[in-house]
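J.: Predicted structure and sequence below. I'll ask about it afterward.
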Amino acid sequence: MNKHIETVVIGGGQAGLAVSYYLGQKNRPHIVLEQAAKAANAWRNHRWDSFTLNTPNWQSLLPGTEIPGSNPDNFLSRDEIVAYLENYVSRFQLPVSYGVQVQAVRPKSSGRGYFVETSTGRFEARNVVVATGLYQKPKMPAVSAGLSGEINQIHSDEYRNPQSLPDGAVLVVGSGQSGAQIAEELYRSGRRVYLSVSRAGRVPRRYRGKDANWWHELMGDYERTVDQLPSPQAKFASKPMISGKDGGHTLNLHQFARDGVTLLGRIQGMGDHSILLARDLKANLARADQFAADFAKRIDEFIAENRIDVPAEALPVLTEGYGVQEIPELNLADANITTVIWATGFSFDFSLVQLPVFDNDGYPIQKRGVSHHPGLYFVGLPWLHNAKSGLLFGLAQDAGHIAATIDEDALRYESVRKLPRQEARWGKNESELAVEYGKHGICVNAVSPGAARTQAPLEALSTE
């Protein structure tokens with residue numbers, strides 16, 4: 001038997017919980033379906049032990065709560081994030097159902113609404129909010145298949161701590177936020193580390209007395225909307241390297257080289273025990289240096305234009321990486337490399353939503369999370385609406401908009417049901433009916449004869 005509910009939220013991470021909070025505030029019946037057994041699954045089971053957020057605590061609050069942690073400028077650890085989300089569910093008594101895997105979302109063959117097929121049965125819902133995130137499947141490059149089975153290969157998603165790896169040197173592939181942080185932890189633990197450097201940028205953790213994210217907020221960077229990006233693909237760009245560990249600090253690959261890390265170019269191919277490398281290391285280092293310099297210049301100009309009283313500062317100039325000899329090939333056995341960690345990002349897959357609602361990149365076609373299919377919404381994705389959409393502190397804006405849209409639609413629908421029966425008036429007083437419907441914000445042309453009587457209200461978790 002189908003379980004009826006007005007709104008099904010798919011995914012019990014921070015995005016789904018934020019939507020649930022707002023729907024609860026509006027007394028809209030809904031349920032959150034989460035396939036994991038506990039809250040905060042992504043943070044609990046898919047982050048390394050010493051992981052910390054890279055956004056300060058003032059950017060890490062969910063709607064309805066206070067800034068987490070004792071210091072707004074500090075950074076939450078993995079365990080603190082898990083506890084924060086667990087408490088969020090409990091505090092607001094959010095209707096999360098754990099251990100439920102959603103298998104498909106299909107439109108109803110007649111009338112508005114959707115069937116949500118799950119491991120525990122079928123739900124029938126007027127609205128579906130997809131909050132599964134964009135980082136769903138670890139991405140392993142095809143070249144990894146060419147490496148010997150004797151080499152331990154894991155994705156950064158699986159990495160936990162240096163002690164969990166076999167003895168020997170470690171090759172980290174990718175110098176974005178995860179790759180750079182993992183490489184730093186490994187070499188500080190005493191491991192010999194090789195780092196294949198990508199094109200990721202770098203920003204200073206703090207500059208001129210303030211955190212980098214504080215400057216981003218003050219300069220309005222987080223309000224940039226998706227239509228301002230140079231291309232649709234730009235929303236998938238890797239984030240610049242930075243760290244919230246130990247109170248937050250700058251990650252600089254030249255410092256890595258100074259500390260003994262062997263920097264390499266990007267991997268182009270793999271043999272049984274060898275890797276082929278591009279000669280682009282210095283170009284990538286220069287790109288990261290320029291990224292940091294451009295960021296500092298923007299801040300300097302903003303300070304001057306707005307006459308902000310902050311101390312002067314110049315970024316430290318490190319050059320050790322430019323002295324590294326670029327090599328075209330590395331023998332893993334000779335280097336005693338026993339583990340390769342692929343910090344190569346994630347792919348996303350929305351195939352459970354069986355409607356034509358995705359672009360050529362597989363990204364949902366929507367405006368502020370609202371798709372062109374009535375009642376189908378998306379939340380918690382980078383650049384869903386603006387630059388902060390993928391961050392914790394951007395969820396309030398996006399989730400609130402979606403919940404408000406659902407609420408407004410429900411109120412209009414409920415108003416329609418209170419109007420006189422259409423079959424008694426349709427055709428005879430159509431202009432009068434149009435005026436009456438118009439009072440409720442409904443276009444009469446969008447309402448087919450009999451629609452108000454055939455769409456029964458969905459009651460929370462009742463069965464038929």
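T.: The structure has been received and is ready for your questions.

J.: what are the C-alpha coordinates of stretch 9-20, in CSV please?
T.: Extracted C-alpha coordinates of stretch 9-20, given in CSV (Å, rounded to 0.1, in the frame of the first residue of the first chain):
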residue,chain,number,x,y,z
VAL,A,9,12.7,15.1,1.4
ILE,A,10,15.4,12.7,0.0
GLY,A,11,18.6,12.9,2.0
GLY,A,12,19.1,13.6,5.8
GLY,A,13,22.2,15.6,5.5
GLN,A,14,22.4,19.3,6.4
ALA,A,15,20.5,20.4,3.3
GLY,A,16,17.6,18.0,3.9
LEU,A,17,17.5,18.9,7.6
ALA,A,18,17.3,22.6,6.8
VAL,A,19,14.3,22.1,4.5
SER,A,20,12.7,20.0,7.2
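
J.: Tell me the gap between that stretch and the middle of its chain.
T.: When C-alpha coordinates are averaged (Cα atoms, centre = their mean, to the nearest Å), stretch 9-20 and its chain have centres 12 Å apart.

J.: again, but for stretch 293-308
T.: So, by Cα atoms, centre = their mean, the centroid of stretch 293-308 is 29 Å from its chain's centroid.

J.: How about stretch 267-284?
T.: Worked out by Cα atoms, centre = their mean, stretch 267-284 lies 29 Å from the chain centre.

J.: Contacts made by it with the rest, please.
T.: Here stretch 267-284 makes contact (Cβ atoms under 8 Å, 6 or more residues apart in numbering) with 141, 143-144, 146-148, 150-151, 171, 173, 175, 196-199, 263-266, 321-322, 324, 326-333. To be clear about C-beta, it is placed using only N, CA and C from the backbone, and glycine gets the same treatment.

J.: Report the buried members of these.
T.: Using 16 or more other Cβ atoms under 10 Å as the burial test, those include 143-144, 147, 151, 171, 173, 175, 196-199, 263-266, 321, 324, 330, 332 as buried.

J.: Can you list which of these are found in strands?
T.: Among the buried ones among the contacts of stretch 267-284, DSSP state E puts 171, 173, 196, 263, 264, 330 in strands.

J.: can you redo the residues you listed as a markdown table with distance to residue 24 and pLDDT?
T.: Below are those laid out as a markdown table (distance: Cβ to Cβ, whole Å; pLDDT from 0 to 100):
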| residue | distance to residue 24 | pLDDT |
| --- | --- | --- |
| 171 | 47 | 98 |
| 173 | 43 | 98 |
| 196 | 46 | 98 |
| 263 | 50 | 98 |
| 264 | 51 | 98 |
| 330 | 55 | 96 |
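
J.: got JSON lines for those residues, with distance to residue 134 too?
T.: Shown next, in JSON lines, are those (distance: Cβ to Cβ, whole Å):
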{"residue": "171", "distance to residue 134": "27"}
{"residue": "173", "distance to residue 134": "21"}
{"residue": "196", "distance to residue 134": "24"}
{"residue": "263", "distance to residue 134": "29"}
{"residue": "264", "distance to residue 134": "28"}
{"residue": "330", "distance to residue 134": "32"}
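
J.: Of those residues, just say which sits nearest to residue 135.
T.: Nearest to residue 135, judged by Cβ to Cβ, of those is residue 173 at 17.3 Å.

J.: quick one: contacts for that closest one?
T.: Listed by Cβ under 8 Å, 6+ apart, the contact set of residue 173 reads 141, 179, 196, 267, 340, 341, 342, 343, 344.
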